[in-house]
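A.B. asks: model this:
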Amino acid sequence: MKPLILFLWLLASPVWAVEPEEMLADPGLEARARSLSEDLRCLVCRNESIDESNAEVARDLRLLVRERIMEGDSDDEVLAFIVHRYGEYVLLNPRADGVNLVLWAAGPVMFLIALAMGGLYLRRRSTAAPSGYRGLSDEEKRKLDEILKE
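C.D. replies: Numbering: from 1, shown residues only. Take a look at the predicted model:
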């Protein structure tokens, strides 16, 4: 029974990050705020959404999201406001456009370049003539035959 309670407690712990006084009275607006909060990164915690974080900065961001929603901003306007204020680092899933497109493409491009270089190396290595190898001389072959006969 204790492991089940521990599991449920750990499962529900991220929900406790949003404090009751932060929640909006309208369930629809609160659902929008929670949805937006899941896409925003806590600036203190690594790879944790502001919805899950207990940090003061995350609390301030949650309040800012709710404030912008109460002012009538759309979801895109809220995200644009926060990105303008804090930079694109605040997004858990960065956009794949502009300068970020270079970052998104760098990994696969580097992999393809490394694959091509490895293929070229192996191709050149297999077709290259052995350097410094001249084979056995007649006298060395004769000595080898004598050794093998014994």
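A.B. asks: Going by C-alpha atoms from here, please, whenever you check contacts or count neighbours.
C.D. replies: OK.
A.B. asks: Relative to the whole chain's centre, how far out is stretch 33-43?
C.D. replies: Mean-position distance between stretch 33-43 and its chain equals 17 Å (Cα atoms, centre = their mean, to the nearest Å).
A.B. asks: So what touches that stretch?
C.D. replies: 47-53, 55, 57-58, 62, 65-66, 69, 75, 79, 89-93 (Cα atoms under 8 Å, 6 or more residues apart in numbering).
A.B. asks: Buried subset of those as a PyMOL selection?
C.D. replies: A single PyMOL command is used to select the members of those judged buried by 16 or more other Cα atoms under 10 Å:
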select buried, resi 48+49+50+51+52+53+58+62+65+66+69+75+79+90+91+92
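A.B. asks: Filter the contacts of stretch 33-43 down to just the ones in helices.
C.D. replies: Among those, DSSP state H puts 57, 58, 62, 65, 66, 69, 75, 79 in helices.
A.B. asks: Now do the SS call for the closest residue to the fifth one other than its chain neighbours.
C.D. replies: Residue nearest to residue 66 in three dimensions, not counting chain neighbours: residue 33, with 6.0 Å by Cα to Cα, 6 or more residues apart in numbering. Reduced to three states with DSSP: H, G, I helix; E, B strand; the rest coil, the structure at residue 33 is helix.
A.B. asks: Tell me the pLDDT of residue 33.
C.D. replies: What the model reports as pLDDT for residue 33 is 83.
A.B. asks: burial count for it?
C.D. replies: Using other Cα atoms under 10 Å, residue 33 has 25 other residues around it.
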